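[1] give me the fold of what follows.
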Amino acid sequence: MSDRDRAFAEYFAARSSAMRATAFLLCGDWHRAEDLTQTAFTKLYLRWNRVQRHDSLDPYLRKVLISSFIDETRWGWWRRERPHDAGIDREAVPEPSDDRVTLIRALAQVPPRQRAVLVLRYWQDLSIDDTAEALGCSPGTVKSQAARGLETLRTLVTYPVKAQ
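    Residues are numbered from 1 along each chain as shown. Okay, the predicted model is just below:
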């Protein structure tokens with residue numbers, strides 16, 4: 001194994017779970033999240049030698065993940081892969097609490113760009129500037145998309161939900 005492959009494998013082992021969790025918050029489905037994560041890491045691997053600063057890998061990978069998610073939502077339903085009669089790995093899918101299920105279902109109904117802003121700002125706890133950089137937009141756009149996304153969530157979640 002080359003040094004390049006070893007470094008990438010170490011990074012993948014360290015960050016794949018966190019990126020998969022972010023992808024799940026974006027799409028609401030563990031299998032799609034796995035696909036998005038795999039796509040993002042594949043794109044990163046192809047550019048691994050060109051990524052000059054390895055301390056900025058997380059923001060770069062997050063940006064690739066979100067771009068892949070937004071691009072996928074632009075595809076019509078006919079371009080997505082269709083599942084077949086394969087068994088589902090139930091151990092890979094954690095059992096969420098009722099409140100978490102409610103929030104995730106509501107989040108899935110928020111438009112993709114707003115959902116990406118909400119995930120980055122409030123689940124990933126990124127600053128407005130870091131969120132803007134990850135999405136390739138202005139801080140003002142992040143603020144307006146967050147406000148709209150939160151308003152949509154408020155209309156979808158009608159009872160108090162405890163933060164976890």
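[2] just give me the residue right at the centre of this protein.
    A23 (2.8 Å; C-alpha atoms, centre = their mean).
[3] next structured bit after the helix or strand where that one lies?
    Counting by DSSP states H and E, the element that carries A23 is helix 3-27. Next helix or strand after helix 3-27 toward the C-terminus (DSSP H and E): helix 30-46.
[4] chain center to the helix or strand bottoming out on mean pLDDT in the chain: distance?
    Least confident helix or strand, the chain: helix 98-108 with a mean of 81, by mean pLDDT, DSSP states H and E. Centroid displacement of helix 98-108 relative to its chain, using C-alpha atoms, centre = their mean, to the nearest Å, is 15 Å.
[5] go on, stretch 112-129?
    With C-alpha atoms, centre = their mean, you get 10 Å for stretch 112-129.
[6] which parts of it are buried?
    112-122, 124, 126, 128 (16 or more other C-beta atoms under 10 Å). The C-beta positions use only the backbone N, C-alpha and C, and glycine is treated the same way.
[7] thinking L126 is in contact with L120, fair?
    Yes: counting by C-beta atoms under 8 Å, L126 touches L120, with 4.7 Å between them.
[8] overlap in contacts, these two.
    Shared contacts of L126 and L120, defined by C-beta atoms under 8 Å, 6 or more residues apart in numbering, comprise A134.
[9] how near is V51 to R62?
    13 Å (C-beta to C-beta, to the nearest Å).
[10] so between those two, which is more surrounded?
    When V51 and R62 are compared on other C-beta atoms under 10 Å, the one with more neighbours turns out to be R62, at 25 against 12.
[11] domain ranges for this protein, per the record?
    Per automatic domain parsing, the structural domains of the chain span 1-94, 95-164.
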